[in-house]
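[1] Sequence and computational prediction follow.
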Amino acid sequence: MVYALVAPLLAKPYIDGWKQACMSNLKQLGQATGIYTQDSDGRLPDASQWQTDLQAYVHSVDEMRCPKYKAFGYAFNRKLSQAPLASLEHPENLPLIYDSSNLVANANDNFASLPTPPRHEGKNIMVYANGRYHTLPRGDQL
């Protein structure tokens, strides 16, 4: 009886921990992309090998994995593949890397694989082309 009352309270730190770890991962991936872009004549990574391109710019490959699933779980916006960052209009509104239902390495698409239902307490997490990261509530459109 007591366990039934306490179990949901014990699970919440894990849920919050996954969300915080995922936000941290995406923040790190956004920063890694920024440094990669500076080193690559202002161009974003190739979507087909974005994680491979960014490996030298992250502390650990674990930063490229969704902590909740221990699989990769992030995708790169294919529309931004090798785009010159300086030429993007409103990079603050362009999703770059985001939670994805595609759990393979180097996943990429046209921003079509957001998990449904959202992965983190009803929200998905993404980093935009300007490096800002944000949660996107279920049903929100860009």
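    Now that the structure is in, tell me what you want to look at.
[2] can you give me the strands in this structure?
    74-77, 95-99, 108-109, 123-128, 133-137 (DSSP state E).
[3] Pick out the residue closest to the middle of this protein.
    residue 98 (3.4 Å; Cα atoms, centre = their mean).
[4] So that residue is in contact with residue 127, correct?
    Yes: Residue 98 lies in contact with residue 127 (Cβ atoms under 8 Å); the separation is 7.3 Å. From N, CA and C alone the C-beta is placed, and that goes for glycine too.
[5] those helices in this structure, which residues are they?
    2-39, 50-54 (DSSP state H).
[6] Comparing these by mean pLDDT, which bottoms out?
    Across those, the stretch with the lowest average pLDDT is helix 2-39; it has a mean of 74.
[7] so who does the closest residue to residue 32 other than its chain neighbours touch?
    Spatially, and ignoring its direct neighbours in sequence, residue 32 is nearest to residue 57 (3.6 Å; Cβ to Cβ, 6 or more residues apart in numbering). Residue 57 makes contact with 31, 32, 33, 35, 36, according to Cβ atoms under 8 Å, 6 or more residues apart in numbering.
[8] and the gap between residue 57 and residue 116?
    According to Cβ to Cβ, to the nearest Å, residue 57 stands 30 Å off from residue 116.
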